[in-house]
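Visitor: A structural model of the following input is requested.
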Amino acid sequence: MTTFPERIGRFLLTAVVWAGFVFLTLPLIIIVAVSFTETEYLSFPPVGFTLRWYEQFLADTSYLESIGLSASIAVASTAIATLIGVPTALVIARSTLPGRKLVSTIFLSPLILPTIVVGAALLQYASALGFARSYLALLAGHVVIIVPYILRTVLASLERFDQSLEEAGQDLGANGVTTFFLVTLPIIKPGIVAGALFALIISWINVELSIFNSTASLMPLPVKLFNYVQYAVDPMMAAISAATIYVAIVAVVVLDIFVGIDRVAATQK
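Guide: This next block holds a predicted model:
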């Protein structure tokens, strides 16, 4: 039987959780609602219901090009960062060579440095090598800032990894590559997927780094939105933002279907 202080504690904990949930979701609900308003300005609660702002947004090919560019950079940089982050995590977790902590610090340093500093540094570096303000510069910059997210989640998975499973596979005749793909990879997959999802989102919403390496014909969606709100604030901006929310919801649903939210969350504990 629970005591009165325990009941009070559970009540307060539940209240805090719900308050946090409302705090995080209410702005998203407002953005989605405003995107359907019939007024020429941002209005909440929305007045009427219209898809006009979505039609206007989709009719502008420059926004579609920006979405395609952002998606391309996000997917490509996440794939490259995964190919870099997973082997690096294995080396850091398994290796006993000197300098292992230094390697970890170097790869995780973008989490400490302000992204705007990384963007400015990348612009100078790319200018010196002759590929500034290009797709390659954007891609390289995004890889740098998202590798730490994959590295952290994979390292978290490897901390609880039972290496005797790999030894058992090798005892049964599997070589190192076969053991990795049949034993190690399935176990650390939730950590890889979680890190890749974080990386994809960080790349998709990045403004600070992208703005240094964008041009009029090479402009990711967040940078285009940033430029747009300096001259106009109307429901079309809400429609574009709402569209990104829909994409995020689909990504979470797909993640839950193929991996399971519980398993991904477990890698962060």
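Visitor: have a look at the protein and report the helix or strand with the lowest mean pLDDT.
Guide: In the chain, no helix or strand scores lower on mean pLDDT, DSSP states H and E than helix 261-266, which sits at a mean of 56.
Visitor: what about the helices in the stretch 51-200 of the chain?
Guide: Ranges of helices in the stretch 51-200 of the chain, per DSSP state H, counting those that start in this stretch, are 52-59, 61-94, 100-108, 115-129, 135-159, 164-171, 176-179, 185-205.
Visitor: tell me which of those lies nearest to residue 214.
Guide: Nearest of the helices of the stretch 51-200 of the chain to residue 214, taken as Cβ to Cβ: helix 135-159 at 7.5 Å. Quick note: C-beta positions are derived from backbone N, CA and C, even for glycine.
Visitor: nearest residue to residue 240 other than its sequence neighbours?
Guide: Nearest non-adjacent residue to residue 240, counting by Cβ to Cβ, 6 or more residues apart in numbering: residue 57, 5.4 Å away.
Visitor: for that neighbour, what are its contacts?
Guide: When contacts are counted by Cβ atoms under 8 Å, 6 or more residues apart in numbering, residue 57 touches 63, 236, 239, 240, 243.
Visitor: list the buried ones in stretch 30-42?
Guide: Judged by neighbour count (16 or more other Cβ atoms under 10 Å), stretch 30-42 contains these buried residues: 31, 32, 33, 34, 35, 36, 37, 42.
Visitor: now intersect those with the strands, please.
Guide: Judged by DSSP state E, the buried residues of stretch 30-42 include no members of strands.
Visitor: adding pLDDT and distance to residue 19, write those out as CSV.
Guide: What follows is the buried residues of stretch 30-42, written out as CSV (pLDDT from 0 to 100; distance: Cβ to Cβ, whole Å):
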residue, pLDDT, distance to residue 19
31, 87, 20
32, 88, 21
33, 87, 21
34, 87, 23
35, 87, 26
36, 87, 27
37, 86, 27
42, 78, 25
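Visitor: which of these fall within helices?
Guide: Judged by DSSP state H, the subset of those located in helices is 31, 32, 33, 34.
Visitor: got any ranges where the stretch 151-269 of the chain has weak pLDDT?
Guide: 161-167, 169-176, 255-256, 258-269 (pLDDT under 70).
Visitor: what's the angle from the helix or strand harbouring residue 250 to helix 61-94?
Guide: Per DSSP states H and E: residue 250 is located in helix 235-258. On the basis of axes from the mean of the first three to the mean of the last three Cα atoms, to 10 degrees, helix 235-258 is oriented at 40 degrees to helix 61-94.
Visitor: any idea how far helix 235-258 is from the chain center?
Guide: Here helix 235-258 is found 13 Å from its chain centre; the criterion is Cα atoms, centre = their mean, to the nearest Å.
Visitor: ok, stretch 54-66 next?
Guide: Counting by Cα atoms, centre = their mean, stretch 54-66 is centred 23 Å from the centre of its parent chain.
Visitor: check which residues of it are buried.
Guide: Buried residues in stretch 54-66, counted by 16+ other Cβ under 10 Å: 54, 57, 63, 66.
Visitor: export that stretch to PDB, keeping only CA atoms.
Guide: Output of stretch 54-66 as PDB, limited to C-alpha atoms (Å, rounded to 0.1, in the frame of the first residue of the first chain):
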ATOM      1  CA  TYR A  54       0.300  24.500 -49.200                       C
ATOM      2  CA  GLU A  55      -0.600  25.000 -52.900                       C
ATOM      3  CA  GLN A  56       1.400  28.200 -53.000                       C
ATOM      4  CA  PHE A  57       4.400  26.500 -51.400                       C
ATOM      5  CA  LEU A  58       4.300  23.500 -53.700                       C
ATOM      6  CA  ALA A  59       3.800  25.700 -56.800                       C
ATOM      7  CA  ASP A  60       7.100  27.500 -56.000                       C
ATOM      8  CA  THR A  61       9.800  25.400 -57.700                       C
ATOM      9  CA  SER A  62      12.500  27.100 -55.700                       C
ATOM     10  CA  TYR A  63      11.200  25.600 -52.500                       C
ATOM     11  CA  LEU A  64      10.900  22.200 -54.100                       C
ATOM     12  CA  GLU A  65      14.500  22.500 -55.200                       C
ATOM     13  CA  SER A  66      15.500  23.500 -51.700                       C
END
